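Q: next comes the sequence, and after it the predicted model I'd like to discuss.
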Amino acid sequence: TCFRALCCKGPPPPRPEYDLVCIGLTGSGKTSLLSQLCSESPENIVSTTGFSIKAVPFQNAILNVKELGGADNIRKYWSRYYQGSQGVIFVLDSASSEDDLETARNELHSALQHPQLCTLPFLILANHQDKPAARSVQEIKKYFELEPLARGKRWILKPCSLDDMEAVKDSFSLLINLLEERDFEPSRM
């Protein structure tokens, strides 16, 4: 019986899969971050027009991320791709112009209040922290009015850059924790 317990455990249990939507303005770094997480070459990365889907493997889960392009003419269609999402990744360029930051703020506010997203966990990544003009997480939190707007919601705001992918992976692990917590909540009748 000891031998059987050691050698005959069978395959490991399957990892849970979560469907996420990833949004943010063009140039915020969505494609680059997701490509790095998938261990893809950083060469030849181009802005997403329309959408792309990547399966991002983690030790304890697989994230099926639907990345939506961030151009002006595409953002108006974002909501058509929200259905079925279990979480949201919002990437912003923390070193962007005031105008772009204002647009990003409006888009995040819209997403946080959207009926298909408002109950979901949000991972907000303040990207490009390696650039001199980058705003701190505290500045972003205040400017985006996250405390009053997202009160009662489950959200995480983290700094990130391609230079520190460990921090990015840690941020995604926190999101996975929120997704797992949601799995164990009793269903409401």
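A: Nice, thanks for sending it over. Numbers count the residues shown, from 1 in each chain.

Q: quick one: residue 180 and residue 15 touch, right?
A: No - in this structure residue 180 lies outside contact range of residue 15 using Cβ atoms under 8 Å: 11.1 Å. Any C-beta I mention is one placed from the backbone N, CA and C, and that applies to glycine too.

Q: need the contact list for the residue nearest the centre of the chain.
A: Nearest residue to the geometric centre of the chain (Cα atoms, centre = their mean): residue 89, 2.2 Å. Residue 89 is in contact with 20, 21, 22, 23, 30, 65, 122, 123, 125, 175, counting by Cβ atoms under 8 Å, 6 or more residues apart in numbering.

Q: roughly how far apart are the fourth one and residue 110?
A: To tie it back to what came earlier, the one meant is residue 23. 10 Å (Cβ to Cβ, to the nearest Å).

Q: which other helices and strands contact the lengthiest helix in the chain?
A: Of all segments of type helix in the chain, defined using DSSP state H, the longest is helix 165-184. Judged by 3 or more Cβ pairs under 8 Å, 6 or more residues apart in numbering; DSSP states H and E, helix 165-184 is in contact with strand 17-23, helix 30-37, strand 87-93, strand 122-127, strand 155-159.

Q: and if we set it to 10 Å?
A: Applying 3 or more Cβ pairs under 10 Å, 6 or more residues apart in numbering; DSSP states H and E, one finds that helix 165-184 makes contact with strand 17-23, helix 30-37, strand 62-68, strand 87-93, strand 122-127, strand 155-159.

Q: still on that earlier bit, and the pLDDT at the residue nearest to the centre of the chain?
A: Turning to residue 89, the model gives it a pLDDT of 98.

Q: which residues does it form beta bridges with?
A: In this structure, residue 89 bridges to residue 22, residue 123 when assessed by DSSP bridges.

Q: pull out the buried residues from the one helix or strand residue 148 maps to.
A: In this structure, residue 148 is located in helix 146-149 according to DSSP states H and E. Counting neighbours by 16 or more other Cβ atoms under 10 Å, one finds that the buried residues in helix 146-149 are residue 146.

Q: residue 100 and residue 72 touch, don't they?
A: No - look at residue 100 against residue 72 with Cβ atoms under 10 Å: they stay out of range, at 11.2 Å.
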